[in-house]
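Chemist: Give me coordinates for this.
(2 chains)
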Amino acid sequence: MGAIQALRGTRDILPDEVKYWQQIESTARTILSRAAYQEIRTPIFEQTELFERGIGEATDVVGKEMYTFKDRGERSVTLRPEGTAGAVRSFIEHSLHAQGGVQRLWYTGPMFRYERPGAGRQRQFYQLGVEVLGSADPRADVEAIAIATNLLQTLGLKNLNLDLNSLGTPEDRQQYRDALVAFLTPYKSDLDLDSQDRLSRNPLRILDSKDQRTQAIVQEAPSILDFLGADSRSRFEKVQQLLSELGIAYQVNPRLVRGLDYYSHIAFEIQSDQLGNQATVCGGGRYDGLVSQLGGPNTPAVGWAIGLERLVLLLQQLSAAPQSMLDFYLVSRGDRAEAQALVLAQKLRQSGFAVELDLSGSAFGKQLKRADRSGALACLILGDAEAENQTVQIKWLVSGEQQAIAQADLLSNPDSLQQRLAEFRAQAAQ
RNA sequence: GCGAGCGUAGCCAAGUGGUUAAGGCAGUGGAUUGUGGUUCCACCACUCGCGGGUUCGAGUCCCGUCGUUCGCCCCA
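Modeler: Residues are numbered from 1 along each chain as shown, chains lettered A, B, ... in the order given. The predicted structure follows:
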């Protein structure tokens, strides 16, 4: 009725949900910085050409999902549909390779694709990703994978599957592609319509068609693993061996392909069985050719990206919701006490406590109700009666225990309060 | 872009052609409670996403549209 709503495929993340996003971000920061990854922040829009060249013009992402428009200077501009192209552009533009060694970068932020929205898929969506530039060592692939599994496990996720494949070199892949087309062509009329279409355009994608008849045919198709050259094969084996050394479980899935053109050699996906159609939480792989393709020096690279709204969905299914960090909830009755409560709140905050002051002006009983709901560890009650003027009652919401102490004492000994709060926080955590 | 389901208050919902649209939670106001969330009363959808149609009469049927969910597609 005239009220403006968020655009289709976009949505508001309200405070209750933001808790999960912050949990992810802070956990990621910790884990990534321990592994010497550095954050990079690149623009949300770039020249359209960057994505056309980087992701591949034949891909669906570039072909029909980009938010592309002309700016007021008639430049063709595109809202980034993924993070790798921008990070690589920045790497080249600022000659980060000149710093020598390996650059480990991570990023997070909104991405944009014009898709049909659904649970775990938005038009403005968020990814957190890493890019490791300058190492062809299989340990780089495995380290990156290990960081991803470590992050997901630390967040408490279980029942994740790691699928692994090798796409080989571009030459390996071309040979396989020819063989696959040769194999599938006689069955063309038995394939689902999408796959028939892809036979000429992007035959590898037929491998992960969900159509049952197509799947049956594909079962018998040649495997890309038989087309890997000696170098590709030994890399793939090395990666598997190193994963085993780390105790990371995986399955080789020769039908795992990537939607973006820039991948080569290792490709992987981490999937959850609890997300229905949008099962892939994390996807990535090696892209040795991308940097040079975008005009930079020949630089081997590997990376992955996590879809954050899917990760949030999984986190929300876990029982443990992120806790409120509120220490005190302040309630009062009467004019004088209200003013005192304001002053006390300020002083406690300056002493390092998290304090919410009840501003509702509601009846006292309702204030207490709100105190309970606030998640605070303790409720401070300021009364208005003469005898109560200098006294604050502390109600420990966790244990039910209650005590009255003078305001002066409350502020003169913040250490002991801090200690009590720590005890109650531990109690509340159980 | 295609196929199917759904759309009643902030939330959960009853209602399946017939006069004034149940109920619960939350919210607001008041009474009670001299202090831990009680109890009681009142208020809280001229309207059923929006627009049109059928009908004497529509939340209920039809069409369109928007939104949403699931699948296809795509992808993280």
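
Chemist: tell me which parts of the stretch 101-250 of chain A are close to RNA strand B?
Modeler: Counting by CB under 7 Å from any atom of the strand, the residues of the stretch 101-250 of chain A close to RNA strand B are A:111, A:113, A:115-122, A:125-127, A:192, A:194, A:198, A:205, A:208-211. (C-beta placed from N, C-alpha, C; glycine too.)

Chemist: roughly how far apart are the residue lying closest to A:Q122 once chain neighbours are set aside and RNA strand B?
Modeler: Distance criterion CB to CB, 6 or more residues apart in numbering; nearest residue to A:Q122, sequence neighbours excluded, is A:G9 at 5.3 Å. Using CB to the nearest atom of the strand, to the nearest Å, we find A:G9 at a distance of 6 Å from RNA strand B.

Chemist: Out of the residues of the stretch 101-250 of chain A next to RNA strand B, which sit inside helices?
Modeler: Secondary structure from DSSP state H places A:D194, A:R198 of these in helices.

Chemist: Filter the residues of the stretch 101-250 of chain A next to RNA strand B down to just the buried residues.
Modeler: Listed as buried from these are A:111, A:113, A:115, A:120-122, A:125-127, A:192, A:198, A:205, A:209, A:211; burial here means 16 or more other CB atoms under 10 Å.

Chemist: Show me which pair in those is furthest apart.
Modeler: The span of those, defined through CB to CB, is set by A:Y126 and A:D192 at 31.9 Å.

Chemist: Give the burial count for A:G9, as a bare number.
Modeler: Applying other CB atoms under 10 Å, we find 17 other residues in the vicinity of A:G9.

Chemist: Which strands or helices does the longest helix belonging to chain A pack on?
Modeler: The helix spanning the most residues in chain A, taking DSSP H as the definition, is helix A:15-34. Helix A:15-34 makes packing contacts with strand A:103-112, strand A:124-133, helix A:138-154, helix A:308-317 when contacts are defined by 3 or more CB pairs under 8 Å, 6 or more residues apart in numbering; DSSP states H and E.

Chemist: Pull up the distance across stretch A:211-230, start to finish.
Modeler: 33 Å (CA to CA, to the nearest Å).

Chemist: ok, A:L155 touching A:E25?
Modeler: No: applying CB atoms under 8 Å, one finds A:L155 not in contact with A:E25, separated by 11.0 Å.

Chemist: Identify the contacts common to these two.
Modeler: Both A:L155 and A:E25 lack any common contact, where contact means CB atoms under 8 Å, 6 or more residues apart in numbering.

Chemist: These two: who's more crowded?
Modeler: In terms of neighbours (other CB under 10 Å), A:L155 is the more surrounded of A:L155 and A:E25; the figures are 17 against 13.

Chemist: Backbone dihedrals for that one, please?
Modeler: In this entry, A:L155 is assigned phi and psi values of phi -70, psi -10 (degrees, to the nearest 10).

Chemist: Quick check: it vs RNA strand B, distance?
Modeler: 15 Å.

Chemist: what sits against that residue?
Modeler: With contacts defined as CB under 8 Å, 6+ apart, the neighbours of A:L155 are A:Q23, A:I24, A:T27, A:L311, A:L315.

Chemist: of those residues, closest to A:E237?
Modeler: Taking CB to CB as the measure, A:E237 lies nearest A:L311 of these, at 30.7 Å.

Chemist: wouldn't that closest one be in contact with A:V281 here?
Modeler: Yes: between A:L311 and A:V281 there is a contact under CB under 8 Å: 5.9 Å.

Chemist: what touches both of these two?
Modeler: With contacts taken as CB under 8 Å, 6+ apart, the residues that reach both A:L311 and A:V281 are A:L152.

Chemist: I'd assumed A:V281 was in a helix, is it?
Modeler: No: for A:V281, which was evaluated using DSSP: H, G, I helix; E, B strand; the rest coil, the result is strand, with no helix membership.

Chemist: The residue positioned nearest the centre of chain A: what's its closest spatial neighbour, skipping adjacent residues?
Modeler: For chain A, the residue lying nearest the average C-alpha position, counting by CA atoms, centre = their mean, turns out to be A:L308 (3.4 Å). The shortest distance from A:L308 to any residue that is not its chain neighbour, by CB to CB, 6+ apart, is 4.0 Å, and that residue is A:Y126.
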